[in-house]
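Engineer: What shape does this take:
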Amino acid sequence: MKIKYLIPFILFFFIRINMFSQTLEEYVSQGNELFDDKKYVNAILKYTKALEIEPRYAEVLFNRGDAYYMLDKYENAIKDFNKAIQFGYKNANIYFRRGFSKSSLGNYKEAILDYNNSLNFEEREDTYISRGYVYELLEQHDKAFEDYKSALRINPNSAVALHNIANSYSRIGMYNEAIETFTKSIKIDADYLSYYNRGTAYDMNGQFEKAIKDFNFSIKLNLLHSDSYLNRGDSKEDLFQLDDALADFNLAIKYDSNNATAYSRKGMILYGKENYPEAIQYLTKSVLLDTALIDNYLYLGYIYENQKNISEANNYFNILISKLDTLTFDDKYMKGDYLFKMKRYDQAILQFSKCIKLDSLNANAYNFRAWVKIFNNQYESALNDCNIAISLDSLNGGIFDSRALARHKLNDFNGALLDYDIAIKLSNGVEGEFFLRRGDTKYELKDFEGACKDWSISNKMHCKESNEKIIKYCKN
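Structural biologist: Okay, the predicted model is just below:
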């Protein structure tokens, strides 16, 4: 009698299972359709219904995680990807997605592990590019560069890989290589960022007119990109087109009212124009937006110093110095430079001496200490520092310029003239200050014609002091 009732029960059980199975696949199918239509929130609801029936359905866990991923809900995405991997769903895509989610949350080291796993399944352009970007964030630039090259090997026409390689060149000061690579990227995909970054490379390479042209293209493609106006303004400032530069800084502020650098650059030009009230206004606004822009403190100090408000000037100078009070070589070097700019010569000399203690083979540290000593009337000691610096780096025109000035101050005008000649040759004749000071030395040697010629060259390079000397000492 028991068998008689058992058969219908078993039949009912299997029918019930089949009904659930059909419902499960329906939810999955509906979720997939919604996902394909980019209706990610509704897709998640359907996938969740499916997972209520079968919580270990790895592919659905991935799909729901992918929907969270598309919504930038990376923590939820990672949870689903973890479960999917736990239940055996392992491929290049899931590790890539989880790696990208982790990097978006700042978990860079684990992101790299996931990208590694993804590449073990399949070498993909996007994976190399994404891992390279994480290496950049970790300041492992050599590894980033290699990943971008690997991406380019897979796809020689990858505009993103070319763009990132170009950025890597820019970061290490190889601007010609950066410009060449940006140009290749632009030929494939002429987006506004490519023009913007190539323009920045041109600017850093001293090619300001070409930089402005690229920023014009960038602005044409994206009128709202504040930094394109900012950098175009910087290039115009380098060409001494100050009013045009101010107009661009205003546009940068218009399109991004929190662009601290734009306020700062405008404030500095206004300082140069001796419009101190407005300069204070813009520099102070910049400080409020970004305390890391430490030049603002220097210029605010200068303004109050010019207004004979020494207490307020020292307040800003002291804030600046406190922000550089660290133990690294670079920060000590920078601190010495700022102390020099504040005319705190004894403190600056002490700071550069600390730099030398940290790196006794650094020619620039000796050179900067020598420069400060010259302004502090310690000419013999400065000359000694210059000699050491030249023994460490005999191709640095700036060091010969420093030694020339020290010799000039010691009335060794012939020795100074020889050093200025070397400095100008090593700098390819692009440093207006070198011509200015060589002109001073020639004047002391009674070579008035040569002095005026040098001051004229310097004046063409926009050295203000040259024009004053020409007016005073040279015939029209």
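Engineer: Check what contacts the host helix or strand of N364 and list those residues.
Structural biologist: Assigned by DSSP states H and E, N364 belongs to helix 363-375. Contacts to helix 363-375, defined as CB atoms under 8 Å, 6 or more residues apart in numbering, come from residues 333, 336-337, 340, 343, 345, 348-349, 352-353, 355-356, 359, 379, 381-383, 385-386, 388-390, 392-393, 396, 398-399, 402-403, 405-406, 409. Glycine gets a C-beta too; all of them are placed from N, C-alpha and C.
Engineer: Which SSE is immediately downstream of that helix?
Structural biologist: helix 379-392.
Engineer: what is the mean pLDDT for that following helix?
Structural biologist: On average, the pLDDT along helix 379-392 is 96.
Engineer: what sits against L224?
Structural biologist: So L224 contacts Y255 (CB under 8 Å, 6+ apart).
Engineer: Does it belong to a helix, a strand or coil?
Structural biologist: coil (DSSP: H, G, I helix; E, B strand; the rest coil).
Engineer: Can you list phi and psi of it for me?
Structural biologist: Main-chain dihedrals, L224, degrees, to the nearest 10: phi -100, psi 0.
Engineer: Ok, D393 next?
Structural biologist: Residue torsions, per degrees, to the nearest 10, at D393 are phi -150, psi 100.
Engineer: Can you give me the neighbour number for the residue nearest to it when sequence neighbours are not counted?
Structural biologist: Closest residue to D393 apart from its sequence neighbours, by CB to CB, 6 or more residues apart in numbering: A363 at 3.7 Å. A363 has 21 neighbours, counted by other CB atoms under 10 Å.
Engineer: tell me the pLDDT at A363?
Structural biologist: At A363, the pLDDT recorded in the model is 95.
Engineer: Please tell me how far it sits from Y196.
Structural biologist: Distance of A363 to Y196, computed by CB to CB, to the nearest Å: 35 Å.
Engineer: Repeat that for F249.
Structural biologist: 16 Å.
Engineer: before we move on, what about N42?
Structural biologist: According to CB to CB, N42 and Y196 sit 38 Å apart.
Engineer: okay, these two: which has more neighbours?
Structural biologist: Y196 (23 against 15).
Engineer: where do the helices sit along the stretch 251-400 of the chain?
Structural biologist: 260-272, 276-289, 295-306, 310-323, 329-341, 345-358, 363-375, 379-392, 397-409 (DSSP state H, counting those that start in this stretch).
Engineer: Check which helices and strands the third one sits against.
Structural biologist: By that I understand helix 295-306. The contact analysis (3 or more CB pairs under 8 Å, 6 or more residues apart in numbering; DSSP states H and E) places helix 295-306 against helix 260-272, helix 276-289, helix 310-323.
Engineer: Quickly compare the ones you listed and say which is most buried.
Structural biologist: helix 260-272 (a mean of 22; mean count of other CB atoms under 10 Å).
Engineer: any chance you could map the strands in the stretch 1-150 of the chain?
Structural biologist: In order along the chain, the stretch 1-150 of the chain carries no strands (DSSP state E, counting those that start in this stretch).
Engineer: Where does pLDDT dip in it?
Structural biologist: 1-22 (pLDDT under 70).
Engineer: Phi, psi for the residue positioned nearest the centre of the chain please.
Structural biologist: Using CA atoms, centre = their mean, the residue of the chain that lies closest to the mean C-alpha position is R171, 7.4 Å off. The phi and psi values for R171, taken as degrees, to the nearest 10, are phi -60, psi -30.
Engineer: I'd say it and A144 touch.
Structural biologist: No: between R171 and A144 there is no contact under CB atoms under 8 Å: 9.5 Å.
Engineer: from memory N155 sits against A161, does it?
Structural biologist: Yes: in this structure, N155 is within contact of A161 by CB under 8 Å, at 7.1 Å.
Engineer: joint contacts of the two?
Structural biologist: Joint contacts of N155 and A161 (CB under 8 Å, 6+ apart) are E125.
Engineer: and the two? which has more neighbours close in?
Structural biologist: Neighbour count, other CB under 10 Å: between N155 and A161, A161 has more, with 26 against 16.
Engineer: what sits against that one?
Structural biologist: Contacts of A161 (CB under 8 Å, 6+ apart): 125, 128-129, 148-149, 151-152, 155.
Engineer: swap in H408?
Structural biologist: H408 touches 416, 437, 440-441, 444, counting by CB under 8 Å, 6+ apart.
Engineer: in whichever strand or helix holds T181, what's buried?
Structural biologist: T181 is part of helix 175-188, with elements assigned from DSSP H and E. Buried residues in helix 175-188, counted by 16 or more other CB atoms under 10 Å: 175, 177-179, 181-182, 184-186.
Engineer: Next secondary structure element downstream of that helix?
Structural biologist: Taking DSSP H and E, what comes next after helix 175-188 is helix 192-204.
Engineer: Name the residues that touch that next one?
Structural biologist: Residues contacting helix 192-204 (CB under 8 Å, 6+ apart): 159, 163, 166-167, 169-170, 173, 175, 178-179, 182-183, 185-186, 208, 210-215, 217-219, 221-222, 225, 227-228, 231-232, 234-235, 238.
Engineer: Could you rerun that using 6 Å?
Structural biologist: The contact list for helix 192-204 (CB atoms under 6 Å, 6 or more residues apart in numbering) reads 163, 170, 175, 178-179, 182, 185-186, 210-211, 214-215, 217-218, 221-222, 228, 231, 235.
Engineer: Tell me which helix or strand comes right after that helix.
Structural biologist: Criterion used, DSSP H and E; the element after helix 192-204 is helix 208-221.
Engineer: Which neighbouring elements make contact with that following helix?
Structural biologist: If you count contacts as 3 or more CB pairs under 6 Å, 6 or more residues apart in numbering; DSSP states H and E, helix 208-221 packs onto helix 192-204, helix 226-238.
Engineer: wait, which of the ones you listed is closest to S101?
Structural biologist: Closest to S101 of those is helix 192-204 (CB to CB; 23.7 Å).
Engineer: Tell me what angle that closest one forms with helix 226-238.
Structural biologist: Per axes from the mean of the first three to the mean of the last three CA atoms, to 10 degrees, the angle that helix 192-204 makes with helix 226-238 is 20 degrees.
Engineer: And helix 192-204, how far out from the chain middle?
Structural biologist: Taking CA atoms, centre = their mean, to the nearest Å, one finds the center of helix 192-204 at 12 Å from the center of the full chain.
Engineer: try stretch 398-408
Structural biologist: 33 Å.
Engineer: what pLDDT, on average, does that stretch get?
Structural biologist: 97.
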